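A.B. asks: Pasting the sequence and the predicted model now:
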Amino acid sequence: MIAALIDIPANVGYAAVFALVAIETMGIPVPAETALIAAALLAHKGQMDIGTLIVLASVAAILGDNIGFAIGRRYGRQLFLMPGPAYRHRTKVLEHGEPFFARHGPKAVFLGRWVSGLRIASAWLAGMNNMRWPTFVFWNALGGIAWATSVALSIYFLGAVAEHVIGVAGPVAAALVATLLGGALTWRWLRQRRGAAVEARTTSSGAEAE
């Protein structure tokens, strides 16, 4: 997959990344992250623009997830409750799914971006478990932008190191490295924002007390 993308023109590469990311986040398992990694390598070599790539991957992730959310909201429960294998287990999953998404939905939607299985299923699960759409839209957009940016920039700046990892261990290992590094960078950014917010509230409280 990576070799094929590297050999095609950049304009086709943009379209391929957009299509694969959108399709994956609708709930169909395709190698979207592998495509993004390949395109980021091309950007490192100057054959694609990293900014354009991040914007297209972010838009595709947001668009695909919203379609997946709508499908999950409209058809998810009836598909999940169709008679067949593991019916009782599936009903229990639904029974516990709604309170879980009520409490942890934003975290699941945001952090699920860096977990391949959740990246495919989180929009469906959010829709079928009645997560509020405005809440989903916000955390989905934030997660889509953070995922596309962190993965693409990780590979872009790693450059030759990332290409060596792909050559030695294959695209799955590169995806894992990009996911771990991107997730770590995003987690650090979130912690810094949380710390800044706590400090701002503390300062504000101290000023009011005076």
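C.D. replies: Yes, it's here. Worth saying up front: this structure is predicted, and the values here are computed from it rather than measured.
A.B. asks: Could you tell me how many residues sit around Ile28?
C.D. replies: The local packing of Ile28 (other C-beta atoms under 10 Å) involves 13 other residues. All C-beta atoms are positioned from the backbone trio N, CA, C, and that covers glycine.
A.B. asks: what does Gly112 give?
C.D. replies: With other C-beta under 10 Å as criterion, Gly112 counts 23.
A.B. asks: Please look at it and Leu118 and confirm they touch.
C.D. replies: Yes: counting by C-beta atoms under 8 Å, Leu118 is a contact partner of Gly112 at 3.3 Å.
A.B. asks: Assign a three-state SS to Pro29, would you?
C.D. replies: Classification of Pro29 using DSSP: H, G, I helix; E, B strand; the rest coil returns coil.
A.B. asks: so where does the residue nearest to it when sequence neighbours are not counted fall, helix or strand?
C.D. replies: Closest residue to Pro29 apart from its sequence neighbours, by C-beta to C-beta, 6 or more residues apart in numbering: Ile120 at 5.5 Å. Taking DSSP states H and E as the definition, Ile120 sits inside helix 116-128.
A.B. asks: Which residues outside that helix are in contact with it?
C.D. replies: 24-29, 32-33, 64-74, 76-77, 80, 94, 97, 101, 105, 108-109, 111-113, 136, 140, 147, 175, 179 (C-beta atoms under 8 Å, 6 or more residues apart in numbering).
A.B. asks: Now, of those, which are buried?
C.D. replies: Buried members of the contacts of helix 116-128, scored by 16 or more other C-beta atoms under 10 Å, are 24-27, 32-33, 64-73, 76-77, 80, 97, 101, 105, 108-109, 111-113, 136, 140, 147, 175, 179.
A.B. asks: Thank you kindly, that will do.
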